[in-house]
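Peer 1: can't give you the sequence, but here's the structure:
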């Protein structure tokens, strides 16, 4: 299991477009990928799960990946957060 801590840096937080990017990116990997926010864990391959997190600007998120390509999966999803989902 691999964990990557990150922070939501885009002002709008996670809404439909960033959630779709997360699902699309996580779906490229065989590993199971999750997002943790304050102890609540959701599947990063589920757009509804991600949106229900209600994660806004400056929220700490931990990307968790488990599986054969966990390192690459966690890094790819964490980079989306670092790049502000290409919104700013």
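Peer 2: It's in. The structure displayed is predicted, hence computed values, not measured ones.
Peer 1: now do the helices in this structure.
Peer 2: Along the chain, counting by DSSP state H, helices occupy 16-26, 47-52, 70-82.
Peer 1: export those helices to TSV and tack on mean pLDDT, mean neighbour count and distance to residue 61?
Peer 2: Heads up, the C-betas are built off the backbone N, CA and C, glycines and all. Formatted as TSV, those follow (pLDDT from 0 to 100; neighbours: other CB atoms under 10 Å; distance: least, CB to CB, whole Å):
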stretch	mean pLDDT	mean neighbour count	distance to residue 61
helix 16-26	97	18	10
helix 47-52	96	16	10
helix 70-82	97	19	7
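Peer 1: and of these, who's closest to residue 8?
Peer 2: Ranking these by proximity to residue 8 (CB to CB) places helix 70-82 first, at 6.3 Å.
Peer 1: how far does the closest one sit from its chain's centre?
Peer 2: 8 Å (CA atoms, centre = their mean, to the nearest Å).
Peer 1: so the residue sitting furthest away from the middle of the chain versus residue 15, what's the distance?
Peer 2: Among the C-alpha atoms of the chain, the one most distant from their mean position (CA atoms, centre = their mean) is that of residue 68, at 18.3 Å. Distance, residue 68 to residue 15, by CB to CB, to the nearest Å: 31 Å.
Peer 1: same question, residue 75
Peer 2: For residue 75, the distance to residue 15 - CB to CB - is 23 Å.
Peer 1: try residue 63
Peer 2: Computed as CB to CB, the residue 63 to residue 15 distance reads 18 Å.
Peer 1: more neighbours, these two?
Peer 2: residue 63 (25 against 15; other CB atoms under 10 Å).
Peer 1: what residues are up against the more buried one?
Peer 2: 3-6, 33-36, 44, 74, 77-78, 81 (CB atoms under 8 Å, 6 or more residues apart in numbering).
Peer 1: burial check on the residue nearest to residue 81 when sequence neighbours are not counted, number of neighbours?
Peer 2: Distances taken as CB to CB, 6 or more residues apart in numbering put residue 6 closest to residue 81, at 4.1 Å, once the chain neighbours are dropped. For residue 6, the count of nearby residues is 18 (other CB under 10 Å).
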